[in-house]
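A structural model of the following input is requested.
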Amino acid sequence: MIRQLIIAAKEEDNRPSFCVIVPVIDYDLSSQYPARTRDDGTPSSMPPHCTVLFAKMEEDEIEMAAKAVRQVAETAKPKVVKIGGQGSFPNCVWVHVEGGLPEELHTRLLAAVRSLGIKAEQSFDYQPHSTIEYTDKPKSWKGHVPSGQFKADRIELWVSGERIQTSKLGK
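Numbering: from 1, shown residues only. Here you go, the predicted structure:
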């Protein structure tokens, strides 16, 4: 498994973070990302990816949400997605993700989770991207920007930095 890091946002409360991702499964493409470590210096098992849903939720809501993720995955079709072109947020540098699948999955997952009565609050408008690196100065970052395409055929559910399930797209 490719060892990469996603640095978790600082916890504002004690609720677990619920993150659904489309992993970059193409080795040549994923190897373009820089290797990183967690805040404590240990490597992370989270692969390069495009986040399709990130939310805070109560621990007792996670199993219901995991079921919703499986149901959405069963009816979604695998697609080729492209990455390329640098962008940034105040705390990171990222690469654009194109192909429509991330937006489709985001919309469907958010609706599915909310239909269960889970708030799944979003504090930002969804922007399909794949984080390259977290940095205090994204505008002056000068690293390599990954580019290419891969077939997205699965989604993974991560809770507070641990992979909980992998669901293949389609039946």
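
longest strand in the chain, please.
Ordering each strand of the chain by length in residues (DSSP state E) puts strand 79-89 first.

now stretch 88-97: mean pLDDT?
Across stretch 88-97, pLDDT averages out at 90.

in that stretch, what counts as buried?
The neighbour-count check on stretch 88-97 (16 or more other CB atoms under 10 Å) flags 92-97 as buried. Just so you know, the C-beta spots here come from the backbone N, C-alpha and C atoms, and that holds for glycine as well.

how much space separates the most centrally placed residue in the chain from residue 164?
Nearest to the geometric centre of the chain sits residue 51, at 2.1 Å (CA atoms, centre = their mean). Applying CB to CB, to the nearest Å, the value for residue 51 to residue 164 is 15 Å.

what's the answer for residue 101, then?
21 Å.

related to what we said a few turns ago, now for the longest strand of the chain, which elements pack on it?
strand 92-98, helix 101-115, strand 129-134, strand 148-152 (3 or more CB pairs under 8 Å, 6 or more residues apart in numbering; DSSP states H and E).

if you count contacts, what does the first one end up packed against?
For strand 92-98, the helices and strands in contact under the criterion 3+ CB pairs under 8 Å, 6+ apart are strand 79-89, strand 129-134.
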